[in-house]
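# Sequence and computational prediction follow.
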Amino acid sequence: MEKEEIFRIFDACRPTVAQVREYLERISGVSPFDLIFFKDGKEIITKKIAPNMGELVGVVVDKTIFYVKPLTFDEVKDLPMPVTTEVVFDFGKKIHAKAKPIDEENFGTFRRNRGNLQNLAQMLSVFGYSACFNQNKYLLFNQNVDECSGLCFNFEKNNCSLSNIKHFLRFSGNIYFYTSIN
């Protein structure tokens, strides 16, 4: 398509300056956060996104790495009921020796940066990476829940409720992990 034809179509859409800025940020390939990729046995930390940079491992937000590989229902569907927190923590250790499921404390960091994380997820998909962090419910873990449950935070309702782990994975979303950087 010729440049003039593209501009004519774009002008007909009447985008606002804010929409144009958001679009340019999405296709620019510059992340608002450091990203951790793993390729050819090497870890690469960068804000620049391009196709074929390797496996996307995590996103660094403040002093926290949020890992993009979640625990999904497919990982636990064949396990007998109930799925316990031990299963969840063991899965995290497969991602990284210090990875733990998101808890209430570091969820505050995630929540404050949710808009940028969602924009990042869209940007990553433009470059061929799997979507991450784009669900409306997150299961959080702390000492105040039993061994088969977590605290489900719902962004749509802006509240928390207790949820069974396997039920959450089947009907609500995935469980994500983090590591604090000290």
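Right, received. Where do you want to start? The shown structure was predicted, so the numbers you read here are calculated from the model rather than taken from an experiment.
# and the residue most central in space within the chain, which of the three is it?
With distances taken as CA atoms, centre = their mean, the residue of the chain nearest its centroid is Phe133 (2.7 Å). Using DSSP: H, G, I helix; E, B strand; the rest coil, the structure places Phe133 in coil.
# residues touching it, list them.
Counting by CB atoms under 8 Å, 6 or more residues apart in numbering, Phe133 touches 59, 66, 68, 110, 114, 117-118, 120-121, 176. C-beta coordinates here come from the backbone N, C-alpha and C atoms, glycine included.
# Now, those that are in helices?
Counting by DSSP state H, these place 110, 114, 117-118, 120-121 in helices.
# For the closest residue in space to Thr84 that isn't next to it in sequence, grab the count of nearby residues.
Nearest non-adjacent residue to Thr84, counting by CB to CB, 6 or more residues apart in numbering: Glu147, 4.8 Å away. A total of 12 residues lie near Glu147 under the criterion other CB atoms under 10 Å.
# I'd guessed Glu147 sits against Val87; true?
No - taking CB atoms under 8 Å as the definition, Glu147 is not a contact partner of Val87, at 9.7 Å.
# What part of this protein, helix or strand, is modelled with the least confidence?
Sorting the helices and strands of the chain by mean pLDDT, DSSP states H and E puts helix 17-28 at the bottom, at a mean of 75.
# who's in contact with the closest residue to Phe107 other than its chain neighbours?
Leaving aside its sequence neighbours, Phe107 sits nearest to Leu140 (CB to CB, 6+ apart; 5.4 Å). With contacts defined as CB under 8 Å, 6+ apart, the neighbours of Leu140 are 101-104, 107, 150-153, 160.
# and the gap between Leu140 and Ile102?
6 Å (CB to CB, to the nearest Å).
# before we move on, what about Lys48?
Computed as CB to CB, the Lys48 to Ile102 distance reads 26 Å.
# more crowded one of these two?
Ile102 (24 against 11).
# just checking, the more buried one touches Phe177?
Yes - judged on CB under 8 Å, Ile102 makes contact with Phe177 at a distance of 6.8 Å.
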